[in-house]
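Asker: sharing a sequence plus its predicted fold:
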Amino acid sequence: MISVLIVDDDFMVARVHRAFVERTDGFEVVGVAHSGADALAMARDLTPDLLLLDLYLPDRFGLDIVAELRHTGSHSDVIVISAAKEVDAVRAAVRHGVADYLLKPFAFEDLRDRLEGYAAQRALLAASPEDQAGVDRLFARTATSRPDVVAAMPKGLSPETAQLVEATLRSAAAGVSASETAEAIGISRVSARRYLEYFTSKGEAEVSLRYGNTGRPERRYRPTSTR
């Protein structure tokens with residue numbers, strides 16, 4: 001499970017964000033902070049994997065918290081969740097190395113897709129690169145390694161997660177289901193099926209039905225070619 005600390009001074013907004021995170025497979029909320037001071041203290045005590053951080057807090061600016069976390073040696077990642085859409089704020093977030101930036105207001109699916117993209121990137125970072133393409137993926141240079149994956153990706157699908165799904169697909173000679181793919185890379189079954197159907201629509205995968213003794217037939221996906 002990826003542990004999450006939610007930082008937002010609005011109690012109701014923080015409650016909604018918590019509910020969204022808890023609806024996303026593979027994530028758990030370990031704390032909620034409503035000020036910068038509380039965020040720093042809880043980040044120190046709880047060592048969360050990820051902070052969902054509002055920028056406008058009552059006692060300090062959110063990105064100052066990121067700088068202080070880095071100064072104290074914290075390795076927690078940060079996704080900014082804010083109404084601030086000024087280019088200076090976004091650029092500053094990039095310079096501070098935040099993992100993503102999501103504008104308020106947003107729907108559950110918007111946050112879920114970013115959380116799953118973050119989980120996919122963590123999985124990539126956990127693997128040792130075997131070649132330049134592997135190094136490129138660690139630096140999110142997916143356009144270098146797979147330009148066709150990056151080009152015209154449907155809304156809500158990320159190149160990093162697509163690469164993990166593709167790798168799972170191509171490693172299963174006998175075919176793979178959405179449930180098996182979800183378990184292998186740590187995303188929801190619904191999301192895994194969206195990526196598998198995406199590769200099917202591109203002609204890179206084909207679907208067959210496997211009938212069991214009861215219930216609906218299982219959809220299994222196989223690659224149509226090898227790269």
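Answerer: Cool, got the structure.
Asker: so where do the helices sit in the chain?
Answerer: Counting by DSSP state H, the chain has these helices, from start to end: 11-22, 36-46, 62-71, 87-95, 108-126, 132-138, 142-145, 147-150, 159-171, 178-185, 189-201.
Asker: which stretch in these is the model least sure about?
Answerer: Least confident of these, judged by mean pLDDT, is helix 142-145 with a mean of 38.
Asker: returning to what we had before: could you dump the helices of the chain into a markdown table with mean neighbour count and distance to residue 53 added?
Answerer: For the C-beta atoms, the positions are set from N, CA and C on the backbone; glycine is no exception. Shown next, in a markdown table, are those (neighbours: other CB atoms under 10 Å; distance: least, CB to CB, whole Å):
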| stretch | mean neighbour count | distance to residue 53 |
| --- | --- | --- |
| helix 11-22 | 15 | 11 |
| helix 36-46 | 17 | 7 |
| helix 62-71 | 18 | 5 |
| helix 87-95 | 14 | 9 |
| helix 108-126 | 19 | 13 |
| helix 132-138 | 15 | 24 |
| helix 142-145 | 16 | 25 |
| helix 147-150 | 14 | 27 |
| helix 159-171 | 20 | 21 |
| helix 178-185 | 19 | 26 |
| helix 189-201 | 19 | 24 |
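Asker: want to throw these into CSV with distance to residue 56?
Answerer: Output for these, formatted as CSV (distance: least, CB to CB, whole Å):
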stretch, distance to residue 56
helix 11-22, 11
helix 36-46, 10
helix 62-71, 7
helix 87-95, 10
helix 108-126, 18
helix 132-138, 32
helix 142-145, 32
helix 147-150, 33
helix 159-171, 29
helix 178-185, 35
helix 189-201, 31
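Asker: how about these, which one is nearest residue 28?
Answerer: Between residue 28 and the helices of the chain, the shortest separation by CB to CB is 7.3 Å, and it involves helix 11-22.
Asker: coming back round to it: so which of the helices of the chain is nearest residue 3?
Answerer: Comparing the helices of the chain under CB to CB, the one sitting nearest is helix 36-46, at 7.1 Å.
Asker: care to break the protein down by domain?
Answerer: The record's domain split for the chain, according to automatic domain parsing, is 2-106, 120-223.
Asker: for residue 112, find the nearest of these.
Answerer: domain 2-106 (5.0 Å).
Asker: endpoints of that closest one, how far apart?
Answerer: Domain 2-106 has an end-to-end distance of 21 Å (CA to CA, to the nearest Å).
Asker: chain center to that domain: distance?
Answerer: A distance of 15 Å separates the C-alpha centroid of domain 2-106 from that of its chain, computed with CA atoms, centre = their mean, to the nearest Å.
Asker: how much space between residue 208 and residue 87?
Answerer: From residue 208 across to residue 87, the span is 49 Å (CB to CB, to the nearest Å).
Asker: ok, residue 199 - contacts?
Answerer: Residues in contact with residue 199 (CB atoms under 8 Å, 6 or more residues apart in numbering) are 162, 165, 166, 169, 205, 221.
Asker: distance of it from residue 193?
Answerer: Counting by CB to CB - residue 199 and residue 193 are separated by 11 Å.
Asker: over to residue 90?
Answerer: Note on residue 90: its distance to residue 193, by CB to CB, is 32 Å.
Asker: just give me the neighbour total for residue 1.
Answerer: 10 (other CB atoms under 10 Å).
Asker: which non-adjacent residue is nearest it?
Answerer: Excluding its sequence neighbours, the residue lying closest to residue 1 (CB to CB, 6 or more residues apart in numbering) is residue 28, at 4.7 Å.
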